[in-house]
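Enquirer: how would this look folded up:
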Amino acid sequence: MAKYSDTIDLYSDDGKLLKSGVTIDKVSPLVNPASKKIVDLTKRSIAVNLGGIEKGLKAGKLGKGTIMGRELDLPIMDNKDAIVAKIKEMVDVEGGDTVVNEFKGGSLLLVEVPKARLDSAATYDAAISAVAAATTYAVVDQFNVDAFNASTVKAACWGGGYPHTMDMPGSGVTSVLNIPQNNEGIGFALRNIGVNHFVMMTGRNAMQGAALASTLETAGEFEMGGAIGPFERHMLLQYAYQGLNANNLVYELVKENGQSGTIGTVVQSLVERAIEDKVIVAGKKGGYFQFYDTKDPPMMWNAYAAAGTMAATLVNCGAGRFAQGVSSTLLYFNDLLEHETGLPPSTDFGRVMGTAVGFSFFSHSIYGGGGPGIFNGNHVVTRHANGCAIPCVVAACALDAGTQMFTPEGTSAIMGETYGQIDVFKRPIQNIADGI
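Expert: Numbers count the residues shown, from 1 in each chain. This is a model prediction of the structure:
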């Protein structure tokens with residue numbers, strides 16, 4: 001990749017300096033060891049709800065329904081160690097290259113599938129298929145389940161809809177990634193992760209959740225060709241300032257406006273900081289209105305606008321403890337920013353504003369199909385902003401006090417209990433800084 005002269009200081013989510021004088025290429029998802037580990041483990045890590053499989057089989061709950069007469073009372077948790085050993089042996093490629101992390105007394109597993117399985121596959125679903133098949137066979141083998149009941153075990157592990165549906169509804173084996181068939185186009189896999197998943201994986205820490213979402217959204221942009229040529233610097237600056245709190249900009253904007261600020265005062269603070277840092281300078285005057293100029297409109301100014309959008313989200317949605325306000329925050333912060341400066345390209349060349357208009361309609365307006373927490377960067381409504389809208393939605397949902405119909409705890413608890421126990425997922429800001 002190209003080498004850049006832009007340098008930043010990386011700060012933690014509590015405003016402490018982590019690394020100084022970092023060139024922006026060092027935070028690239030193509031280069032940074034922690035970012036690469038996040039992407040790698042996202043593809044290779046599969047959650048297995050052993051306790052849930054046992055309870056589901058006992059009650060005949062398969063997929064999304066219950067089939068009376070198909071109940072199986074198998075002491076899976078009493079035989080947990082033997083079943084885990086069988087899963088590990090079957091998923092192994094070269095012997096000992098499968099990692100099984102146990103949580104909640106072994107009722108939840110997080111299986112790291114060997115890299116060789118994905119290296120030899122066309123898509124990342126090689127991970128979930130291997131683990132689902134191994135879990136099925138481990139249970140069948142451990143309890144000598146006969147041919148007439150083995151299909152019931154398979155339904156509990158694979159989901160009641162497989163194979164006549166593309167996905168695995170009600171499966172006891174899950175991945176943070178959606179199936180490839182649900183991706184809306186080239187390179188959308190890493191952007192097809194639900195907002196509530198990020199919230200739970202980072203323990204409702206708004207800035208860490210935003211950083212994790214920003215890392216995977218940016219990696220997705222690289223994957224889909226959105227970071228080639230001059231757009232690489234564009235994406236890296238946006239990622240660093242909005243997602244990784246570069247130069248402590250997000251933190252300081254929130255601190256300055258957190259007590260009594262509004263979206264409008266964050267706009268004012270951002271413009272003042274941009275003038276101070278010489279990102280923008282006063283241009284011509286039109287009557288009473290002061291226009292501003294910048295030599296770097298699609299790059300550094302966009303990065304500052306993205307950081308301001310994040311800060312405005314934290315201030316506004318944090319004050320109200322509501323996630324629903326995030327769409328209007330995304331819209332009106334950027335609208336006010338354009339009117340304040342006279343600079344046309346607000347965050348992501350205006351695409352954040354466009355995304356926000358549709359997002360407000362689909363998340364809670366006339367349509368009201370669901371709260372912000374069930375959206376993702378692959379969704380037809382929120383896919384248009386290139387990596388810089390979903391992190392703000394994650395921050396808003398982390399600060400939400402229970403106003404959504406679909407709470408993070410209700411949709412994504414298992415993600416927090418498995419992926420959220422892995423440090424690189426839980427504290428991406430520190431891990432990425434440590435990797436430099």
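Enquirer: what's the longest helix in the chain?
Expert: Taking DSSP state H as the assignment, the helix of the chain that covers the most residues is helix 300-320.
Enquirer: show me what contacts residue 153?
Expert: For residue 153, the contacting residues are 57, 72, 136, 139-140, 145, by C-beta atoms under 8 Å, 6 or more residues apart in numbering. All C-beta atoms are positioned from the backbone trio N, CA, C, and that covers glycine.
Enquirer: can you pull the buried residues of stretch 204-211?
Expert: Neighbour counts over stretch 204-211 (16 or more other C-beta atoms under 10 Å) mark 204-211 as buried.
Enquirer: Please disregard the earlier target; I meant stretch 279-289.
Expert: The neighbour-count check on stretch 279-289 (16+ other C-beta under 10 Å) flags 279-280 as buried.
Enquirer: Helix or strand for residue 20, just tell me which one.
Expert: Following DSSP states H and E, the helix or strand that holds residue 20 is strand 17-23.
Enquirer: Each with direction, which strands does that strand pair with?
Expert: Applying DSSP bridges, strand 17-23 is found paired with strand 7-11 (antiparallel).
Enquirer: Show residues contacting the strand it pairs with.
Expert: The contact list for strand 7-11, computed with C-beta under 8 Å, 6+ apart, reads 17-24, 27, 240-241, 244-248, 251, 429, 432-433, 436.
Enquirer: What is the most widely separated pair among the contacts of residue 153?
Expert: 72 and 136 (12.6 Å; C-beta to C-beta).
Enquirer: OK, contacts around residue 248?
Expert: Here residue 248 is in contact with 9, 11, 15, 17 (criterion: C-beta under 8 Å, 6+ apart).
Enquirer: where does residue 365 land on pLDDT?
Expert: With respect to pLDDT, residue 365 scores 60.
Enquirer: quick one on the thing from earlier: if any of the contacts of strand 7-11 are buried, give me the PyMOL selection for them.
Expert: Buried members of the contacts of strand 7-11, identified by 16+ other C-beta under 10 Å, are gathered into one PyMOL selection as follows:
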select buried, resi 18+19+22+24+27+240+241+244+245+246+247+248+251+429+432+433+436
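Enquirer: Might you list the low-confidence residue ranges for this structure?
Expert: Residues of the chain that meet the criterion pLDDT under 70 lie in 1, 161-164, 364-369.
Enquirer: hmm, 80 instead?
Expert: Residues of the chain that meet the criterion pLDDT under 80 lie in 1-2, 160-165, 297-298, 344-345, 363-370.
Enquirer: Next, count neighbours for the closest residue in space to residue 25 that isn't next to it in sequence.
Expert: Nearest residue to residue 25 in three dimensions, chain neighbours excluded: residue 4, at 5.3 Å (C-beta to C-beta, 6 or more residues apart in numbering). Residues within reach of residue 4, counting by other C-beta atoms under 10 Å, total 15.
Enquirer: Am I right that residue 4 is in a helix?
Expert: No: applying DSSP: H, G, I helix; E, B strand; the rest coil, one finds residue 4 to be coil, outside a helix.
Enquirer: neighbouring contacts of stretch 126-146?
Expert: Contacts of stretch 126-146 with the rest of the structure, by C-beta under 8 Å, 6+ apart, involve 43-46, 48, 50, 53, 72, 74, 76, 79, 82-83, 86-87, 90-91, 111, 113, 117-118, 120, 150, 153-154, 157-158, 168, 171-175.
Enquirer: tell me the phi and psi of residue 49?
Expert: Listed backbone geometry of residue 49 is phi -90, psi 80, with angles given as degrees, to the nearest 10.
Enquirer: was I right about it contacting residue 174?
Expert: Yes: proximity of residue 49 to residue 174 meets the contact threshold set by C-beta atoms under 8 Å, at 7.4 Å.
Enquirer: Overlap of the contact sets of those two?
Expert: Shared contacts of residue 49 and residue 174, defined by C-beta under 8 Å, 6+ apart, are found at residue 414.
Enquirer: Pick out whichever of these two has more residues nearby.
Expert: When residue 49 and residue 174 are compared on other C-beta under 10 Å, the one with more neighbours turns out to be residue 49, at 23 against 19.
Enquirer: Name the nearest residue to that one, ignoring sequence neighbours.
Expert: Leaving aside its sequence neighbours, residue 49 is closest to residue 172 (4.7 Å, by C-beta to C-beta, 6+ apart).
Enquirer: Distance of the one you found relative to residue 47?
Expert: Relative to residue 47, residue 172 is positioned 9 Å away (C-beta to C-beta, to the nearest Å).
Enquirer: Neighbour count for those two, which is higher?
Expert: In this view residue 172 and residue 47 are compared by other C-beta under 10 Å, and residue 172 has more residues nearby, 27 against 23.
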